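Student: predicted model follows, preceded by the sequence.
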Amino acid sequence: MTHIAKVIVVGAGPSGLLLSLILSQQGIKTTLVDMAETLDAAPRATHYAWPAQYEFIRAGVFEEILAAGFRVDNSVSWRKLDGTLLGQIDIENIPEQERMVCLPLNGLAKILYGRITKEENAEVLWGHKVTSIGQDASRAWIHVVTAEGENRLEADYIVGCDGANSQIRRSLFGDLEFPGMTWDQQIVATNAYYPDMASAGWGDDSAFLVDKDHWSMIARIQTDGLLRITYGEVPGLTREEYIARQPAKYKALLPGHPDPDKFKVVNISPYKVHQRLAKSMREGRFLLAADAAHLCNPFGGLGLTGGLVDVGNLSDCLVGIHKGLADETILDRYSEVRRQKYKDVVNPTSSANMRLLWQDGETAEQDEFFRLLTKARNDPAITQEMATSIHRIMHDFRKEYNIKSNGQVVDTR
């Protein structure tokens with residue numbers, strides 16, 4: 001098949017929205033379905049490294065995202081619980097385009113959805129819950145339940161971007177088939193305002209606390225001073241118990257050791273974290289991307305960035321097929337390459353990032369990572385190399401098209 005009549009994308013999170021936008025921009029009829037009635041309003045993840053920014057640029061939305069958010073222009077630090085500096089990345093040593101861009105996911109979703117509504121090749125169906133799937137040699141389909149009853153939707157390909165509890169993945173491989181592990185450690189993510197942060201001597205855009213009991217991350221996520229404060233907790237408690245413990249955790253880990261009248265918590269979300277990878281990201285005419293295909297802990301933003309790079313890669317594969325530049329075997333390569341990127345980059349790097357935080361802060365200076373940061377103070381090239389190491393997550397599937405124009409890579413976007 002050298003023409004794709006239609007693609008269905010399941011899941012209106014950031015990855016599903018970006019994929020639907022790109023495909024519709026390239027002339028592929030795209031239907032985005034989601035069980036919710038509207039966009040998710042939770043801020044959730046916030047930071048986008050260069051590989052994600054690259055996909056935003058190609059989709060034509062980067063400038064709008066940057067205008068709504070901001071570049072991370074201040075330092076990133078690792079500190080002991082008392083604030084003593086263990087290591088720091090000086091942002092001025094990193095080229096501007098390699099610096100993180102910050103915008104909470106609900107803001108990103110609004111931008112992507114706004115662009116999709118202007119595309120004649122795209123439609124969004126809210127309130128459509130997938131209950132089962134099927135496929136044959138020529139098409140794939142999903143059965144959905146809506147307020148009006150049941151329906152069946154068909155397409156040439158169907159992509160599951162429906163998150164960690166993906167119905168598409170579970171229908172393909174079974175409810176319990178998601179290889180990997182769940183961390184014993186508990187995480188609590190909060191958003192809060194704490195105006196005394198800078199006056200306490202912490203001018204960082206992001207700071208990581210290295211401590212056996214109070215390991216955490218504190219990052220500015222909005223220009224109005226809103227902070228994302230994510231910290232480790234004891235496992236096995238109820239949501240209510242974690243909420244009750246939050247003021248004491250802030251008092252222990254925030255500079256100035258504030259009482260509740262000094263900060264304002266906007267939201268709080270306890271959750272378990274996982275390192276998991278689906279057995280395949282392609283099964284016939286069904287494909288998986290982002291959290292539906294793989295999970296990792298949040299320290300370093302590799303889950304979000306990896307998911308956005310997934311859909312950028314997948315869009316190149318599908319557009320290549322649609323335009324007669326590649327055959328369907330490129331979808332097998334998509335699964336192979338993206339799974340290998342998870343194994344080689346996402347899983348080991350994110351795991352190391354998390355383990356780095358819960359060691360003893362008093363002896364952490366001996367860690368190889370902090371020794372490297374010490375060397376980087378006198379050698380900006382080391383900082384630049386550290387910043388660009390995330391490029392390993394990228395891949396250009398246009399170089400794998402079967403047909404090339406005058407021997408050159410065909411730029412489909």
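Tutor: Structure received. Computed from a predicted model, the values in this text were never measured in an experiment.

Student: what ranges does the stretch 151-300 of the chain have for its strands?
Tutor: For the stretch 151-300 of the chain, the strands defined by DSSP state E, counting those that start in this stretch cover 157-160, 180-193, 206-209, 216-220, 227-233, 264-277, 282-283, 286-288, 294-295.

Student: I'd like those written out as JSON lines, with distance to residue 128 and mean pLDDT added.
Tutor: Any C-beta I mention is one placed from the backbone N, CA and C, and that applies to glycine too. Formatted as JSON lines, the strands of the stretch 151-300 of the chain follow (distance: least, C-beta to C-beta, whole Å; pLDDT from 0 to 100):
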{"stretch": "strand 157-160", "distance to residue 128": "13", "mean pLDDT": "98"}
{"stretch": "strand 180-193", "distance to residue 128": "28", "mean pLDDT": "95"}
{"stretch": "strand 206-209", "distance to residue 128": "38", "mean pLDDT": "92"}
{"stretch": "strand 216-220", "distance to residue 128": "35", "mean pLDDT": "93"}
{"stretch": "strand 227-233", "distance to residue 128": "31", "mean pLDDT": "95"}
{"stretch": "strand 264-277", "distance to residue 128": "26", "mean pLDDT": "95"}
{"stretch": "strand 282-283", "distance to residue 128": "21", "mean pLDDT": "98"}
{"stretch": "strand 286-288", "distance to residue 128": "17", "mean pLDDT": "98"}
{"stretch": "strand 294-295", "distance to residue 128": "24", "mean pLDDT": "98"}
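
Student: so in this structure, which helix runs the longest?
Tutor: Longest helix in the chain, counting residues (DSSP state H): helix 302-322.

Student: using PDB, list the CA coordinates for that helix.
Tutor: Taking C-alpha atoms only, helix 302-322 is exported to PDB below (Å, rounded to 0.1, in the frame of the first residue of the first chain):
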ATOM      1  CA  LEU A 302      13.100  11.200  29.500                       C
ATOM      2  CA  GLY A 303       9.700   9.700  29.600                       C
ATOM      3  CA  LEU A 304       8.100  12.800  28.100                       C
ATOM      4  CA  THR A 305      10.900  13.500  25.700                       C
ATOM      5  CA  GLY A 306      11.100   9.900  24.600                       C
ATOM      6  CA  GLY A 307       7.300   9.800  23.900                       C
ATOM      7  CA  LEU A 308       7.400  12.900  21.800                       C
ATOM      8  CA  VAL A 309      10.400  11.600  19.800                       C
ATOM      9  CA  ASP A 310       8.400   8.300  19.400                       C
ATOM     10  CA  VAL A 311       5.600  10.100  17.600                       C
ATOM     11  CA  GLY A 312       8.000  12.200  15.500                       C
ATOM     12  CA  ASN A 313       9.700   9.000  14.300                       C
ATOM     13  CA  LEU A 314       6.400   7.200  13.800                       C
ATOM     14  CA  SER A 315       5.000  10.100  11.800                       C
ATOM     15  CA  ASP A 316       8.000  10.000   9.400                       C
ATOM     16  CA  CYS A 317       7.400   6.200   9.000                       C
ATOM     17  CA  LEU A 318       3.600   6.600   8.200                       C
ATOM     18  CA  VAL A 319       4.200   9.700   6.000                       C
ATOM     19  CA  GLY A 320       6.800   7.800   4.100                       C
ATOM     20  CA  ILE A 321       4.400   4.900   3.400                       C
ATOM     21  CA  HIS A 322       1.600   7.400   2.500                       C
END
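
Student: okay, now residue 54: neighbour count?
Tutor: Residues lying near residue 54 (other C-beta atoms under 10 Å) number 18.

Student: confirm that it sits in a helix.
Tutor: Yes - under DSSP: H, G, I helix; E, B strand; the rest coil, residue 54 falls within a helix.

Student: which pLDDT value belongs to it?
Tutor: At residue 54, the pLDDT value in this model is 97.

Student: likewise for residue 202?
Tutor: So, for residue 202, pLDDT stands at 69.

Student: what's the answer for the one 10 residues further on, then?
Tutor: We have a pLDDT of 94 for residue 212.

Student: now it: phi and psi?
Tutor: With angles defined as degrees, to the nearest 10, residue 212 sits at phi -60, psi -30.

Student: my read: it touches residue 360, true?
Tutor: Yes - judged on C-beta atoms under 8 Å, residue 212 makes contact with residue 360 at a distance of 5.8 Å.

Student: centre of the chain to the longest helix of the chain, how far?
Tutor: The chain centre lies 13 Å from the centre of helix 302-322; the measure is C-alpha atoms, centre = their mean, to the nearest Å.

Student: now it against strand 264-277, angle please.
Tutor: Following axes from the mean of the first three to the mean of the last three C-alpha atoms, to 10 degrees, one obtains 60 degrees for the angle between helix 302-322 and strand 264-277.

Student: could you identify the helix or strand that succeeds helix 302-322?
Tutor: Next helix or strand after helix 302-322 toward the C-terminus (DSSP states H and E): helix 329-341.

Student: and the contacts of the helix or strand following that next one?
Tutor: Sequence-wise, the next helix or strand downstream of helix 329-341 (DSSP H and E) is helix 347-357. If you take C-beta atoms under 8 Å, 6 or more residues apart in numbering as the criterion, helix 347-357 is touched by 78, 183, 185, 208-211, 215-217, 232, 273, 275, 277, 296-297, 299-300, 302-303, 367, 369.

Student: number of residues surrounding residue 289?
Tutor: 32.

Student: for residue 389, same thing?
Tutor: Count around residue 389 with other C-beta under 10 Å applied: 11.

Student: in three-state terms, label it for me.
Tutor: Once three-state DSSP is applied, residue 389 turns out helix.

Student: next: the one 10 residues further on.
Tutor: Assigned with three-state DSSP, residue 399 falls in the helix class.
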